[in-house]
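**Q** Sequence and computational prediction follow.
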Amino acid sequence: MSGIEILDGFSADWGFSMADMAFNVTGVGLFAAQEALFNKQRIKMKFSSHLSPYAQYRQDVLGKSYMQRLLKDYNGQTYWLSTSIADFAPQSKWPKWLDVAVGYSADGMLGGKSNPTTNEQGQILPTFERQSQFYLSFDVDLEDLPAKKRWVRSVLKTLNFVKIPLPVVGFEKSRGMFFQPVYF
């Protein structure tokens with residue numbers, strides 16, 4: 001993700017973010033520390049995404065196609081830390097494949113540091129409150145699902161960076177605490 005952050009630094013619409021780069025470095029540090037301490041990844045970084053309603057206002061910045069929106073529209077992205085209680089309390093009866101996940105996202109962003117009043121075509125844009133969102137959910141650790149075939153284990157390991165859509169309890173400034181039955 002650091003490569004994307006460096007490219008953002010050359011974009012007038014987004015710009016370089018020291019906080020984003022710090023999180024990229026922290027992610028590498030989390031991986032290295034867990035390998036050194038546990039010889040495995042107990043806390044996994046995961047990603048989920050949905051299409052936000054904001055891309056329609058600034059398609060040049062937030063993306064036109066599904067793949068562009070997946071990468072460019074931060075409003076639809078959520079970053080998760082997912083772990084199993086069984087990894088830290090092996091004597092518990094907690095299923096090894098069932099994780100607890102904490103997520104972070106943002107909402108209402110039409111630009112990098114602030115929301116513009118007009119788009120590239122000069123159209124007046126609605127006003128949106130920019131805010132952070134925090135989530136608590138369950139997750140499935142695909143690597144801990146029982147699979148006998150090697151190719152199935154490989155596929156599950158490859159897909160394990162994706163947070164499985166499940167119910168969430170969320171919090172944001174404008175709504176306070178809320179529940180969503182299925183969250184991507």
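**A** Alright, I've got the coordinates. These numbers were taken from a predicted model, which means no experiment stands behind them. Residues are numbered from 1 along each chain as shown.

**Q** hey, let's count contacts and neighbours off CA atoms from now on
**A** Fine.

**Q** which residues does the nearest residue to Leu145 once chain neighbours are set aside contact?
**A** Of all residues not flanking Leu145 in the chain, Trp97 sits nearest, at 5.8 Å (CA to CA, 6 or more residues apart in numbering). The contact partners of Trp97, by CA atoms under 8 Å, 6 or more residues apart in numbering, come to 84, 140-145.

**Q** Then Lys93?
**A** Counting by CA under 8 Å, 6+ apart, Lys93 has contacts Ala86.

**Q** Quick check on it: phi, psi?
**A** phi -90, psi 10 (degrees, to the nearest 10).

**Q** Could you identify the helix or strand that succeeds the helix or strand that contains Leu37?
**A** According to DSSP states H and E, Leu37 maps onto helix 18-38. Next along the chain after helix 18-38, taking DSSP H and E as the criterion, comes strand 43-49.

**Q** name the helices or strands packed onto the helix holding Leu37?
**A** helix 2-9 (3 or more CA pairs under 8 Å, 6 or more residues apart in numbering; DSSP states H and E).

**Q** Lowest mean pLDDT among the helices and strands, pick that one out for this protein.
**A** helix 2-9 (a mean of 66; mean pLDDT, DSSP states H and E).

**Q** tell me the mean pLDDT over stretch 88-101?
**A** Averaged over stretch 88-101, pLDDT sits at 95.

**Q** Next, the buried residues of it.
**A** Across stretch 88-101, burial judged by 16 or more other CA atoms under 10 Å covers 96-101.

**Q** want to throw those into JSON lines with secondary structure?
**A** What follows is these, written out as JSON lines (DSSP: H, G, I helix; E, B strand; the rest coil):
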{"residue": "Lys96", "secondary structure": "coil"}
{"residue": "Trp97", "secondary structure": "coil"}
{"residue": "Leu98", "secondary structure": "strand"}
{"residue": "Asp99", "secondary structure": "strand"}
{"residue": "Val100", "secondary structure": "strand"}
{"residue": "Ala101", "secondary structure": "strand"}
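
**Q** which of those lies closest to Leu159?
**A** Trp97 (14.2 Å; CA to CA).

**Q** Compute the distance between the residue of the chain positioned farthest from its centre and Ser114, please.
**A** For the chain, the largest distance from the centre (CA atoms, centre = their mean) belongs to Gly122, which lies 31.5 Å off. Computed as CA to CA, to the nearest Å, the Gly122 to Ser114 distance reads 17 Å.

**Q** And the helices in the protein, which stretches?
**A** 2-9, 18-38, 59-62, 66-72, 85-88, 150-159 (DSSP state H).

**Q** now the last one, how far from the chain's geometric center?
**A** This points to helix 150-159. 21 Å (CA atoms, centre = their mean, to the nearest Å).

**Q** which residues touch it?
**A** Contacts for helix 150-159 (CA under 8 Å, 6+ apart): 142-143, 147.

**Q** Right, I'll leave it there.
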